[in-house]
Structures are given as C-alpha cells and as structure tokens.
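*Asks:* output the structure for:
(one chain, ligands or ions: 1)
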Amino acid sequence: MCTGANYTTRDHYFGRNLDLEFSYNETVTVTPRNFPFAFRRSESLVTHHAMIGMATIADGYPLYYDATNEQGLSMAGLNFPGNAVYHPEAPGRTNITPFEFIPWILGQFETVGEVKSALETMNLVDISFNETFPLSPLHWIISDRTESITVESVAEGLRVYDNPVGVLTNNPPFDMQMFNLNNFMHLSKHPPETHFSDELEFDVYSRGMGAIGLPGDLSSASRFVKAAFTKLNSVSGETESESISQFFQILGSVAQQRGCVEVSPDEFEITIYSSCCNTDTGVYYYTTYENSRITAVDMHREDLDGRALIDYPLIHEQQILRQN
Ligand SMILES: C[C@H](CCC(=O)NCCS(=O)(=O)O)[C@H]1CC[C@H]2[C@@H]3CC[C@@H]4C[C@H](O)CC[C@]4(C)[C@H]3C[C@H](O)[C@]12C
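*Replies:* Below is the predicted model:
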C-alpha cells in the first residue's frame, strides 16, 4: 500500500510513501529534455519537459513511480489491485501503456487543466513493459499548485475525479474513499463538546479528544482518512525547512512499521521510502525506512539539455550525527 499527497506553503510540495515488502532497485532519476521517449503505440517525444522522480531504470527506460517536471506538474502511481483494468488498443484514441503514463503526461503538460483535456481522448492500453515487469494495477494522483485529480482505468473506461483533498491511497475506488469521509465529519482539532446527553457530566481529560475515532490502522481506507485529516489541518511556517518537515510529518502519520502488516509468512510491508519534491525548485527530498536523514537531489544541478538519464542510488543506511 502507498500514500501520495501534496502540500502548499510558499512553494508547492508533492510526494508519497512507497509501502512494499521488497524494492525494485529504484533510484532518484532525472530525465533531461532530450532523452528520446519512445511510446509503444504513440509518437515519440524527442524533446520534452525535464523531470525528476523515483524510478527503476530497465533497458535504459525510466519506469517512474512518482515524478515532477520542470513546470511543477507532478504525478504518482499507487497500487489499485482488483480495480485497475487496462484495455485493448483503441483506434482513434491516444494509446499509452501504464508504464509510459508518467513520462507522457509530465513530458508535455504544465497544468492539471491541460492534463484533463488530454485525458478525454486517452486509452490506457494493456501492454506490459516486458516479462520481468508485467502490467501492474495502478491508479494515479496528478497535481499542480492549484488542483489535484485522481485517474483510474477501470472496466468501464478511464475515470477522472477532482481530488479536493490532495491525497491518494489504494482501494477502494476514489469516489468511495471520498464518500467514506462523511463518516468522519465530526472529527475535530478542537476539544469535543458533548451532544451525548444532558443527564451526564463529561470530562475532557486529555488533549486530542476531538479526533477520537480517527482511524489508526494501516488499511488503505483508514490511511486515506488519517492522511486527509492530518494534511487538511496542517499548520506550518513557509520556509523550506518548515515545509518539508511538515510534509514528512504528514506522510509519517500513515507510515508502515515492520511487523504490523504481514503479507506472507515472515514477510512484512514497510515504508521503503518517503519522498517530498519541491515542485517549484525541482529539489527531490527522500528518506528511507532506515535512513531518517533527509537526502536531496536538485534537478537544476544537472544538465537538463542532455540526452542521458542521470540517477542517484538511494542511501539506505542510517546517517547519525554524533554530538560528542
Ligand atoms: C508496488 C508499487 C505500489 C506499492 C503498493 O501499493 N504496494 C502494495 C502491495 S499489495 O498490493 O498490498 O500487495 C508500485 C508503485 C509504482 C509501480 C511501478 C511503476 C513503474 C513500472 C510499471 C510497470 O508496469 C511494472 C513495473 C513498475 C516498475 C511498477 C512496479 C510496482 O507496481 C510499483 C513500484
């Protein structure tokens, strides 16, 4: 399971937790403007916007999990098992495979508005990358500074939802996640006032009681509510340090600790990495399960007019600063 989110202070931030029991050797990958992007069923992009994000590079192709382009448009793919359906090639539509979706969108567009129009004629076609990387069931969050959408390719076709929360987790489909929030409308950052009964006396004996009932388990429906509540009530300063700290706190509220979710005997899902990209400056920050120090890669320190991918392996070991 995974959680993606965006956050705005002075700058706009976008990132995600990747929760899984293994890794595909993902690296922070910068794709410069002249890296030739070939698409299986659509025309290539010889030049395009540069982008930075987390990807597995396979046969020289960046298989992005999440990324941000130099115009600040961002996109992340999250698991959507049992609901994602990709379709046969559809004549007259733009046929893009799921693994090409992030490069195709971020290569060309600047705003969610532009993406929405492009999606009207798009078909997510059921072609896998190769045998090592078969089709994976995903849905996507796409954000710019002013709005977010969720894109789900299901049996009926491509569904595009406005995402006013700016959060995405996994199942169920997005309209059900939004509906489920109704069940939590009473949650509050304020101390509770009782409507229980006039015949009893109640005591606000602890801080935080206004949000009793906020789910704390790691299911994706619960993480959606928890991340939405945390993000929508977030208060932080506007500096880079205050903003990214708050962003990692939001993701931390739905992170997965080893041992709490067993996916097969003695195999546990953990938050492999958390990312936060400043979409205005193109700096991609990350932490890993064991490395709590924030590491940064700045796309603008690379030659963005180049043709070759640039990738930085993740630093996975804990970095401890000794004070004496
Ligand atoms: C598994 C991950 C979601 C994490 C998650 O939700 N885990 C719950 C597991 S569980 O469902 O609870 O058991 C997702 C998120 C992004 C995905 C990659 C996207 C590019 C590329 C697309 C190709 O088509 C297939 C290979 C490819 C490298 C993908 C592999 C994998 O699919 C990635 C890592």
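
*Asks:* check contacts around the closest residue to I142 other than its chain neighbours.
*Replies:* Spatial nearest neighbour of I142, chain neighbours left out: M75 (4.7 Å); criterion: CB to CB, 6 or more residues apart in numbering. Just so you know, the C-beta spots here come from the backbone N, C-alpha and C atoms, and that holds for glycine as well. Contacts for M75 (CB atoms under 8 Å, 6 or more residues apart in numbering) come out as Y64, D66, A67, T68, F101, I102, I105, L106, W140, I141, I142, S143.

*Asks:* at 6 Å instead, please
*Replies:* Taking CB atoms under 6 Å, 6 or more residues apart in numbering, we find M75 in contact with I102, I105, W140, I142.

*Asks:* could you do V125 as well?
*Replies:* Under the criterion of CB under 6 Å, 6+ apart, the neighbours of V125 are R41, E89, N95, T97.

*Asks:* give me that answer again for 7 Å
*Replies:* R41, Y86, H87, E89, N95, I96, T97 (CB atoms under 7 Å, 6 or more residues apart in numbering).

*Asks:* one more: T68?
*Replies:* Counting by CB under 7 Å, 6+ apart, T68 has contacts F14, M51, I52, G53, S74, C277, T279, G282.

*Asks:* buried subset of those residues as a ChimeraX selection?
*Replies:* Buried residues among the contacts of T68 (16 or more other CB atoms under 10 Å), as a ChimeraX selection:
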select :14,51,52,53,74,277,279,282
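
*Asks:* nearest to the ligand, of the contacts of T68?
*Replies:* Within the contacts of T68, distances to the ligand taken as CB to the nearest ligand atom reach their minimum at G53, with 10.5 Å.

*Asks:* roughly how far apart are the closest residue to S243 other than its chain neighbours and the ligand?
*Replies:* Computed as CB to CB, 6+ apart, the closest residue to S243 that is not its neighbour in sequence is T9, at 4.3 Å. Distance, T9 to the ligand, by CB to the nearest ligand atom, to the nearest Å: 27 Å.

*Asks:* surely T9 and V235 touch.
*Replies:* No. If you go by CB atoms under 7 Å, T9 and V235 don't touch, sitting 10.1 Å apart.

*Asks:* which of those two has more residues huddled nearby?
*Replies:* Using other CB atoms under 10 Å, the more surrounded residue of T9 and V235 is T9, with 18 against 7.

*Asks:* what distance do you get for the more buried one to T279?
*Replies:* T9 is 12 Å from T279, where distance means CB to CB, to the nearest Å.

*Asks:* next: I52.
*Replies:* I52 sits 10 Å away from T279, going by CB to CB.

*Asks:* how far is the one helix or strand S117 maps to from where the chain is centred?
*Replies:* Following DSSP states H and E, one finds S117 within helix 112-119. Helix 112-119 has its average C-alpha position 18 Å from the chain's average C-alpha position, going by CA atoms, centre = their mean, to the nearest Å.

*Asks:* could you list the residues in contact with that helix?
*Replies:* Contact with helix 112-119 is made by I105, F109, I142, S143, D144, E147, S148, I149, V151, L158, V160, as judged by CB under 7 Å, 6+ apart.
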